[in-house]
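[1] Next input, structure requested:
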Amino acid sequence: MRIKTAEPNDFPEALRFIRALWDYNTYEEAPTREVYGKVLADEASFAFFLIDDDGRYVGMCHGDYFQTFWMCGLTCYVSSLIVAEGERGKGYGTTMLDHAVELARARGCRAVTLDSGLPRTAAHRFYEGYGFEKSCYGFEMSL
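    Here you go, the predicted structure:
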């Protein structure tokens with residue numbers, strides 16, 4: 001198993017994971033590819049894949065670093081963490097979170113935050129078992 005930093009030619013795999021994570025949304029390839037490129041070019045972002053010993057992409061993680069008054073310093077926000085459906089429960093999510101936490105520590109972050117959709121109760125149990133605590137409700141408004 002290995003961590004692979006996301007590269008432009010990995011976009012088809014990224015799109016597969018993005019579509020699986022937010023399956024209630026429709027993702028057109030061109031705009032999603034544009035955002036993917038911006039993420040890869042942004043020094044305040046990270047994106048990586050987890051690849052198993054057979055060379056299959058089994059997970060993806062993406063996040064950002066930003067300054068926040070709430071933590072009085074740099075914070076790492078994990079905005080996407082997904083393991084392929086048939087691969088869950090094998091430790092892949094833990095491996096990816098471990099790597100995201102390492103990246104956050106190396107960057108000098110004071111905390112790692114994330115959110116998870118309300119219906120994803122299995123994911124909530126996973127995050128709490130990892131050590132995350134429920135801290136807020138998330139809200140969004142499309143513009």
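
[2] Let me see the ranges of the strands in this structure.
    In the chain, the strands defined using DSSP state E lie at 2-5, 45-51, 57-68, 73-83, 111-114.

[3] mean confidence for the second one?
    It stands for strand 45-51. Averaging pLDDT along strand 45-51 yields 95.

[4] check contacts around residue 8.
    36, 37, 40 (CB atoms under 8 Å, 6 or more residues apart in numbering). C-betas here are computed from N, CA, C, even on glycine.

[5] try residue 53
    residue 1.

[6] now swap in the one 5 residues further on and tell me
    For residue 58, the residues meeting the contact criterion (CB under 8 Å, 6+ apart) are 50, 51, 52, 83, 84, 87, 92.

[7] which of those residues lies closest to residue 30?
    residue 84 (24.3 Å; CB to CB).

[8] Looks like the closest one contacts residue 59 (just checking).
    Yes. With contact defined as CB atoms under 8 Å, residue 84 reaches residue 59; the gap is 6.7 Å.

[9] Tell me where the chain has helices.
    Under the criterion DSSP state H, helices of the chain are mapped to 11-21, 29-41, 92-107, 121-130.

[10] For residue 74, find the nearest of these.
    Nearest of the helices of the chain (CB to CB): helix 92-107, 6.5 Å.

[11] what's the angle between the closest one and strand 73-83?
    160 degrees (axes from the mean of the first three to the mean of the last three CA atoms, to 10 degrees).
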